[in-house]
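# coords below, sequence missing:
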Ligand SMILES: [Zn+2]
Ligand SMILES: [Zn+2]
Ligand SMILES: [Zn+2]
């Protein structure tokens with residue numbers, strides 16, 4: 001018997017899908033996937049509830065004790081999806097998560113705010129939380145945070161949930177963290193072998209940075225890929241052998257003797273950002289480890305207590321006086337540099353998880369080297385981290401515009417707009433870590449205010465191509481900001497007229 005899917009006959013234009021194109025269409029289709037998965041889990045959950053009811057057992061006992069009831073449901077799911085029993089079990093598990101433990105987060109998936117994959121990340125982060133009230137609080141906090149987030153990637157979802165767990169269930173998280181094993185395993189297959197080191201996130205970060213420090217010591221003529229160089233560096237470090245440059249030039253001075261390697265190690269830095277109150281033990285506010293993500297407060301204190309830790313206070317208030325280096329308006333001060341990397345946490349491109357301290361700092365509105373006062377400021381409001389790849393995309397991509405906005409509440413937003421006009425706005429990922437940063441007043445003028453930029457649509461011939469592109473971007477940003485300010489004002493007026501929303 002042949003069964004055609006009914007989906008090919010559904011008129012999706014009724015929900016607007018036919019009228020969109022480009023990024024907007026792709027995003028709308030992803031939202032549809034979230035809705036369909038929600039409905040799938042709802043159906044599986046109904047099967048589980050019915051089976052539990054017939055057997056006279058509570059549903060929370062289904063996936064632990066009543067194997068026969070659960071197995072029957074799981075088997076039907078397996079044949080419907082044509083998957084192995086273990087995959088069907090996983091679906092049943094996610095259905096229970098979506099309807100019992102994380103109902104508010106699941107509704108975000110239904111409504112297209114987060115993807116199915118992001119939901120899976122949140123399940124992973126919250127799986128150890130057992131207390132019913134605790135998981136309800138984690139669910140509510142995570143959902144509330146993500147609803148206001150803007151474009152949410154898997155990593156964003158994971159970080160938001162981890163922070164909720166770290167602050168609401170710090171003892172539980174610490175216990176699970178400490179229970180995790182450490183060890184080194186070597187496994188072999190026919191063609192090679194893997195060495196796996198299970199360790200703490202802070203030691204992993206130090207190992208990672210150390211491998212980079214050695215792997216990057218070669219000269220420009222080295223022919224190996226970065227991956228191979230990192231491998232060669234790691235093996236050399238573990239076997240106390242020499243890591244040489246691969247250029248083949250016998251005169252190359254980049255081949256490092258042990259003393260040079262030791263010097264390089266002294267400069268390996270791993271960044272942790274935390275509140276002073278967390279360090280002193282006055283609060284359980286979470287911290288951030290560059291390249292990993294959210295740390296619970298105890299973990300922060302544990303790392304701060306290491307003999308090799310150096311603690312430097314970050315003077316946020318001082319940013320009101322100076323954000324660029326004296327005599328070099330292009331370079332941010334150390335405090336400004338640190339604050340910007342910390343508040344973004346990673347590359348500012350939605351979905352890119354490249355750690356902030358491995359990114360370039362980009363002037364969103366381009367710095368004007370000839371006339372610094374006319375271009376984008378070297379300031380928190382106009383700087384964000386971009387990985388080398390996305391920095392290149394910005395510099396050479398035609399028709400793309402990226403913008404950064406600090407709203408009236410001091411929340412820092414970035415917005416990237418594709419040539420098609422599709423745009424994604426996202427809150428700075430670690431706004432929670434430095435909530436006051438966006439409230440520090442700027443001392444510079446507003447270079448992108450409406451009316452201060454060239455308004456002719458044709459770039460003038462006297463400008464270089466780059467100047468013209470920068471001017472174009474400034475104009476687009478200015479227009480978009482103006483339109484958004486108008487929309488926000490209209491939205492606000494509507495709220496005032498209609499009274500508060502019904503939630
Ligand atoms: Zn060389
Ligand atoms: Zn990136
Ligand atoms: Zn500023």
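That came in fine, so what should we check first? Owing to the predicted nature of the structure, the values given are computational and were not obtained by experimental measurement. Ligands and ions are numbered 1, 2, ... in the order given.
# neighbours of residue 219, just the number please.
Residues contacting residue 219 under the criterion other C-beta atoms under 10 Å number 13. Glycine gets a C-beta too; all of them are placed from N, C-alpha and C.
# Point me to the residue of the stretch 201-350 of the chain nearest ligand 3.
In the stretch 201-350 of the chain, the residue found nearest to ligand 3 is residue 323; the distance is 6.8 Å by C-beta to the ion.
# so that residue touches residue 380, yeah?
Yes: in this structure residue 323 lies within contact range of residue 380 using C-beta atoms under 8 Å: 6.4 Å.
# joint contacts of those two?
Residues touching both residue 323 and residue 380 (C-beta atoms under 8 Å, 6 or more residues apart in numbering): residue 336.
# hang on, isn't residue 98 packed against residue 106?
Yes: here residue 98 reaches residue 106: they are 3.8 Å apart, a contact under C-beta under 8 Å.
# Quick check, pLDDT for residue 445.
On pLDDT, residue 445 comes in at 68.
# residues in contact with stretch 21-37?
Against stretch 21-37 from outside (C-beta under 8 Å, 6+ apart): 12, 16-17, 20, 109-112, 114-116, 119, 418, 420-422, 424.
# repeat that with 10 Å
With contact meaning C-beta atoms under 10 Å, 6 or more residues apart in numbering, stretch 21-37 is reached by 7, 12, 15-20, 91, 94-95, 98, 106-120, 151, 416-424.
# taking those residues one by one, which sit in strands?
416, 417, 423, 424 (DSSP state E).
# out of those, who's nearest residue 157?
Nearest to residue 157 out of the ones in strands among the contacts of stretch 21-37 is residue 424 (C-beta to C-beta; 15.1 Å).
# Roughly how far does the nearest residue to that closest one once chain neighbours are set aside sit from residue 135?
The spatially closest residue to residue 424, leaving aside those adjacent along the chain, is residue 151, at 4.2 Å (C-beta to C-beta, 6 or more residues apart in numbering). Going from residue 151 to residue 135 by C-beta to C-beta, to the nearest Å gives 26 Å.
# Out of the two, name the residue with the larger neighbour count.
More neighbours surround residue 135 than the other of residue 151 and residue 135, with 21 against 18 (other C-beta under 10 Å).
# pretty sure the more buried one is in a strand, no?
No: read with DSSP: H, G, I helix; E, B strand; the rest coil, residue 135 is helix and lies in no strand.
# Am I right that it is in contact with residue 123?
No: Residue 135 lies out of contact with residue 123 (C-beta atoms under 10 Å); the separation is 11.1 Å.
# element containing residue 47?
Take DSSP states H and E as the rule and residue 47 turns out to sit in helix 22-55.
# starting at the chain centroid, how far to that helix?
Counting by C-alpha atoms, centre = their mean, to the nearest Å, helix 22-55 is centred 25 Å from the centre of its parent chain.
# residue contacts, the spatially most central residue of the chain?
Central residue of the chain (C-alpha atoms, centre = their mean): residue 156, 3.9 Å from the mean position. When the contact criterion is C-beta under 10 Å, 6+ apart, the partners of residue 156 are 114, 118, 121, 145-146, 149-150, 293, 345-346, 350-351, 353, 426-427, 429.
# Quick check, pLDDT for residue 387.
96.
# Surely it is in contact with residue 361?
No: the pair residue 387 and residue 361 fails to qualify as a contact (C-beta under 10 Å) at a distance of 11.4 Å.
# What average pLDDT does stretch 360-373 get?
Stretch 360-373 comes out at a mean pLDDT of 90.
# wait, stretch 296-316
93.
# start to end distance for it?
23 Å (C-alpha to C-alpha, to the nearest Å).
# Report the buried residues of it.
296, 297, 298, 299, 300, 301, 302, 303, 304, 314, 316 (16 or more other C-beta atoms under 10 Å).
# Can you name the residue of the stretch 1-150 of the chain nearest ligand 3?
residue 150 (20.5 Å).
# Please enumerate the strands of the stretch 401-503 of the chain.
Remark: strands assigned in the stretch 401-503 of the chain by DSSP state E, counting those that start in this stretch are 401-406, 412-417, 423-427.
# Give me the residues contacting the shortest one.
What it means is strand 423-427. 23-24, 27, 145, 148-153, 156, 343-344, 348-351, 400-403, 405, 407, 411-418, 480, 484.
# so which of those residues also contact ligand 2?
residue 349 (C-beta under 5 Å from the ion).
# Can you say which of the contacts of strand 423-427 are buried?
If you count burial by 16+ other C-beta under 10 Å, the buried members of those come out as 23-24, 27, 145, 149-153, 156, 343-344, 348-350, 401-403, 405, 411-417, 480, 484.
# now the end-to-end length of stretch 362-380.
Stretch 362-380: ends 11 Å apart by C-alpha to C-alpha.
# and it, anywhere near ligand 3?
Yes: with C-beta under 5 Å from the ion as the measure, stretch 362-380 is seen reaching ligand 3 through 377, 379.
# How about that stretch and ligand 2, touching?
No: applying C-beta under 5 Å from the ion, one finds stretch 362-380 separated from ligand 2 by no less than 10.4 Å.
# Show me what counts as buried in that stretch.
Those would be 362-368, 372, 375-380, for stretch 362-380 by 16+ other C-beta under 10 Å.
# and the closest residue to ligand 3 within the stretch 401-503 of the chain, what does it touch?
Residue of the stretch 401-503 of the chain nearest ligand 3, by C-beta to the ion: residue 442 (3.1 Å). By C-beta under 10 Å, 6+ apart, the contact list for residue 442 reads 319, 320, 323, 377, 379, 380, 381, 382, 406.
# how about a cut-off of 8 Å?
Contacts of residue 442 by C-beta under 8 Å, 6+ apart are 377, 379, 380, 381.
# The stretch 201-350 of the chain against ligand 1: which residues are in contact?
219, 245, 247, 252, 254.
# Throw these into JSON lines and include secondary structure and pLDDT, thanks.
JSON lines is the format used below for those (DSSP: H, G, I helix; E, B strand; the rest coil; pLDDT from 0 to 100):
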{"residue": "219", "secondary structure": "coil", "pLDDT": "87"}
{"residue": "245", "secondary structure": "coil", "pLDDT": "87"}
{"residue": "247", "secondary structure": "coil", "pLDDT": "88"}
{"residue": "252", "secondary structure": "coil", "pLDDT": "84"}
{"residue": "254", "secondary structure": "coil", "pLDDT": "75"}
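# between the contacts of residue 156, which is nearest residue 474?
residue 426 (21.1 Å).
# Quick check, pLDDT for the closest residue to that closest one other than its chain neighbours.
Closest residue in space to residue 426, ignoring its immediate chain neighbours: residue 150 at 3.7 Å, by C-beta to C-beta, 6+ apart. pLDDT recorded at residue 150 is 91.
# Tell me which residue of the stretch 151-300 of the chain lies closest to ligand 2.
residue 153 (11.1 Å).
# my guess is that residue contacts residue 349, does it?
No: under the criterion of C-beta under 8 Å, residue 153 is not in contact with residue 349, lying 9.6 Å apart.
# Alright, that wraps it up for me.
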